[in-house]
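# Compute the structure for the input listed below.
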Amino acid sequence: MNATDRPRLVGLPPVVGPATRLIVLGSFPGAASLKAQQYYAHPRNQFWPIVGRLLGVDLPSMPYADRLDTVRERGLGLWDVYAACLREGSLDSAIEAPEHNDLAGLLQQAPGLRLIAHNGGESARSMRITQSLGVPVQRLPSTSPANASWSFERKLAAWREVFEAAGI
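Residues are numbered from 1 along each chain as shown. Predicted coordinates:
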């Protein structure tokens, strides 16, 4: 099947608001996340356990809507760098013809934004865009199960530094 025969995948809406101080940008939702219409829905993705540990809340056990309310209340926003793309499976390396989200519009949606963090390497490819926004930008180790070379504790330590820098 060639690229023109495949349906274009569309990502998830941003989870941001006026209280957002830190936004974590993924690349594009994986197949499990698209199917569930939830950020980081793959059961082996370490995003919710890491963020839950940092916030002192058992996020993985909460209903998804409550997770979003909790992170929003704490000043954390979620989005992806890509709005749409072509991709077979879930690997970032399979992303083709990506279309960027309106990353420049983040400042209007989140006027209190202090820091932008890219979750993984594919997201970090868009750092030239986010760095132009005048807000500090960091690259975080991916929480994806594909990033097995980093232990949970090592990822947690890297993420803790960024959360502390954003005042979360």
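# Can you get me a residue count around the closest residue to S132 other than its chain neighbours?
What sits nearest to S132 in space, not counting adjacent residues and going by C-beta to C-beta, 6 or more residues apart in numbering, is A104, at 7.7 Å. No exception for glycine: its C-beta is placed from N, CA and C like everyone else's. Neighbouring residues of A104 were enumerated by other C-beta atoms under 10 Å; the total is 12.
# Any idea what V15 is bridged to?
L78 (DSSP bridges).
# From R154, how far out is it?
26 Å (C-beta to C-beta, to the nearest Å).
# more neighbours, the two?
Neighbour totals were compared for V15 and R154, and V15 leads with 18 against 11 (other C-beta under 10 Å).
# And the pLDDT for the more buried one?
Here the pLDDT value assigned to V15 is 97.
# thought it was touching V71?
Yes. In this structure, V15 is within contact of V71 by C-beta atoms under 8 Å, at 6.9 Å.
# between the two, what contacts are shared?
G77, L78 (C-beta atoms under 8 Å, 6 or more residues apart in numbering).
# Could I get the full set of strands for the protein?
Taking DSSP state E as the criterion, the chain contains strands spanning 9-10, 22-26, 76-80, 82-86, 96-100, 115-119, 137-140.
# residues in contact with the third one?
This points to strand 76-80. Around strand 76-80, the neighbours that count as contacts under C-beta under 8 Å, 6+ apart are 11-12, 14-17, 20-29, 39, 51, 55, 68, 71, 101, 106, 110, 113, 123, 168.
# Quick check on those: which are buried?
Restricting the contacts of strand 76-80 to buried positions leaves 11-12, 14-16, 20-29, 39, 51, 55, 68, 71, 101, 106, 110, 113, 123, 168, with burial counted as 16 or more other C-beta atoms under 10 Å.
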